[in-house]
Structures are given as C-alpha cells and as structure tokens.
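1. Sequence first, then the predicted structure, then my questions.
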Amino acid sequence: MRFACHLLLTLAIPLAAHTQDTPRLKSADGRPMEFDVVSVKPSRSASTDMGIASPPMSDGITIQNMPPEHILQAAFGLYQSDRIVGLPAWATQERYDVSARVSDADVALYHQVIDPIQRAPMLQKILVDRFNLKSHFETKELTVYALVVAKGGSKMTEIQPASGPNGIKDGGSRHLGRGSIQSMGQPLKPLVNALTQQLGQPIVDRTGLTGYYNFTLTWTPEGLAPTANENSNAPSIFTALQEQLGLKLERVKAPMQILVIDHIERPSEN
C-alpha cells in the first residue's frame, strides 16, 4: 500500500490504534511482545518524503525521515494535529529514522500476525523508551464525520476470515492508491483510518457493521486533476462511498480522544 503527499506508507493496513482498545501481542514466553533491537537516529535526508513500513511477513518496523509528531500519529491512530497537543516545536520539525525488530524467538509469532494494528502498542513502547514519552488521554467534543450505512444498506461483500494466532482473526489486506482503496477481507477500521487521512478530519464509525469485507472504492481526489491512467468520471469521495459501498458521511458532534503530551525528549543514543 502506498500513500503519497509527502508521506509514503507501506503497510498491509494502517498501523493505527488507540492504546485502550488494542490487545497486546504475546511473545513466546507469554509476556507482552516488544521489539528486541531498536535503532533511532536523526535523519540525514534532504527529502520531505516520509515512510513507515511494517509488512505482515517482516520481523519489525522501519521508519524513514519522520518527525515524532507523525510517529505519534501512526502509533496512536490520531492523524489530525489538533488531536495531539503539548508537543514542543522540535518534535514537529526534526526528523528521525527508526529501525526495530523482534527477537529470533518471536519472529514466527510476529509473522503470523497479519493485522499491523496489533503492532501499534509496540511502536508506542519505542516512544516511551527512546523518547521518554509521558502522555495521557482527555476527551473533548469535536465536529467530526460519522460514517453510517446509507439508505438501501451496505453494498460491500462480507466474508468469514480465518482465525490467526493469539486468538486474533486474519486482518486481511488492502491496496491504497491515489483515489482508490481496495479491501480484501478487512474490518471497517482500516477504511475509517484511510478516510481520516484522506479528508484530514476525525471520523467515527456508526455503521454498526462488525464483519470483514471485500470492496473497491474509487473517487476523484479533491483539488487534483486525474492522471492519464485514472477515471476522469470518478465521483467525489462522498458520492463514491454512497454509490459504491452503500455508506455515507454525516457531520456530527462527538466526544473524541485527545492525546496530551506531558513530556517528550529527543531520543536517547543507540
């Protein structure tokens, strides 16, 4: 999966989840899984592009040229800057390269976890250990989008996923391109995360749909002319959701979690 616009992601699905609702992976000895070897270095790249990669069959995660603000967004699933408060200026400007991998004893279990959302607490642990992160959540009412089922019902194809290790269901995979999302056996959470990134607005899932789905969503990105390989007649993302998936976005007021940064430091040396 690739997502452009000064941010390149390579994930089967987003590495995004909140601390409270993400079950911890268990290591071979039954303890919460952590990365065994972690390298954090200031980035020397002159590029403005950033990258984060955690493919399902890897033994870790690689982050390139990313400020702590964006690492926090990926680790906690909060993609709007107003949902992370208290960051010092350096944490929004300075960029770092991070490489982390699990121990040899945990590689087999790590490979079996197809849903990278389950790896988010491991990225949070890097922030705690290496950036001395101290934070807490507060709740604030914000104007957001609610994703709901449109009149006529869902048009997505529901499937029955296989059960993976640690009691976790197979999270499937997806392909994200410019103006397109293809889901192969995923729950709605990755779609909500992708829409949040595309629209730059918080989205709450009020569909009541709890299954795993196959679908293809195609739209014309706002403010961008279609390329030669794109459908010039593709609708807006709002119309595409309703026509292609049987879902729609509505403006609502909703309580949202805000991550308050109590303390963060430049990372410790390797």
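-> Perfect, I can see it now.
2. First-to-last residue distance for stretch 159-176?
-> 20 Å (Cα to Cα, to the nearest Å).
3. Do me a favour and average the pLDDT over that stretch.
-> Taken as a whole, stretch 159-176 has an average pLDDT of 66.
4. Ok, stretch 53-63 next?
-> For stretch 53-63, mean pLDDT is 84.
5. Check stretch 67-83 too.
-> Taken as a whole, stretch 67-83 has a mean pLDDT of 88.
6. Same question for stretch 255-267.
-> Mean per-residue pLDDT for stretch 255-267: 95.
7. Alpha carbons of it, in CSV - could you do that?
-> The C-alpha coordinates for stretch 255-267 follow below in CSV (Å, rounded to 0.1, in the frame of the first residue of the first chain):
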residue,chain,number,x,y,z
PRO,A,255,-16.6,13.2,22.1
MET,A,256,-13.1,12.4,20.8
GLN,A,257,-9.9,11.3,22.5
ILE,A,258,-7.1,13.9,22.6
LEU,A,259,-3.6,12.8,23.4
VAL,A,260,-1.9,15.2,25.8
ILE,A,261,1.9,15.1,25.7
ASP,A,262,3.1,15.6,29.3
HIS,A,263,6.8,15.1,28.4
ILE,A,264,8.9,14.1,25.4
GLU,A,265,12.6,14.3,24.8
ARG,A,266,15.0,14.0,21.9
PRO,A,267,15.7,10.3,21.6
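8. got the contact list for that stretch?
-> 18, 40, 68, 72, 76, 78, 83-88, 90-91, 94, 96, 127, 130-142, 144, 202, 204 (Cβ atoms under 8 Å, 6 or more residues apart in numbering). For glycine as for every other residue, the C-beta is placed from the backbone atoms N, C-alpha and C.
9. Keep only those of those residues that are in strands.
-> Under the assignment DSSP state E, the contacts of stretch 255-267 contribute 40, 84-85, 96, 134-142, 144, 204 to strands.
10. Which among the residues you listed count as buried?
-> Listed as buried from the ones in strands among the contacts of stretch 255-267 are 40, 84, 96, 135, 142, 144, 204; burial here means 16 or more other Cβ atoms under 10 Å.
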